[in-house]
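# whatever this is, show me its structure:
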Amino acid sequence: MKTFNHPRAVRAALIGIAMTGLGTAARAEIKDYEFQLVDQTVKAGPDKIVTVRLVNKTNGKPVPDAVIFATRLDMAPDGMQEMATKIVPAPGAEPGSYRFKATFGMAGRWLLSLGAKVQGETGTVEGKLVITAQK
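Below is the predicted model:
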């Protein structure tokens, strides 16, 4: 007659559940990340700095070392998407923050479109943020 060793079976089941949970809990989904503007407004003119944060929405922590590969700045919110301007990365950001230098040729609403890869994640984080340039 076989005997059932209850404590050993329970232990094995718990180890299996824990291993399965660890594989999924350690990874976020790409939709769990978002870009946030540090300042919603900027003065119109040349060489203005825009700072954005990339955060994990599930825990609120900043995401350092993302690779920002797509940037565009235009006046699409005011119906002038053809009014685009050059935007370049700027140094000096703290971990999880990303700075860019751009010329805001006129006052109005500007759309900053970003694309980034987060290390260890598949997919692309995309963000569209509206910045108001003031006189």
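
# pLDDT at the residue nearest to Arg53 when sequence neighbours are not counted, what is it?
Across the structure, with Cβ to Cβ, 6 or more residues apart in numbering as the measure, the residue nearest Arg53 apart from its sequence neighbours is Gln36 (4.8 Å). (Each C-beta comes from the backbone N, C-alpha and C, glycine too.) As summarised for this prediction, Gln36 has a pLDDT of 97.

# please apply the same query to the one 3 residues further on.
You'll see Asp39 listed with a pLDDT of 97.

# quick one on the thing from earlier: isn't the residue nearest to Arg53 up against Val55?
Yes - under the criterion of Cβ atoms under 8 Å, Gln36 makes contact with Val55 at 6.1 Å.

# how about the helices in the chain?
6-25 (DSSP state H).

# which residues touch the residue nearest to Arg53?
In this structure, Gln36 makes contact with Val52, Arg53, Leu54, Val55, Leu129, judged by Cβ atoms under 8 Å, 6 or more residues apart in numbering.

# how close does the second one get to Tyr98?
By that I understand Arg53. Between Arg53 and Tyr98 the computed distance is 8 Å (Cβ to Cβ, to the nearest Å).
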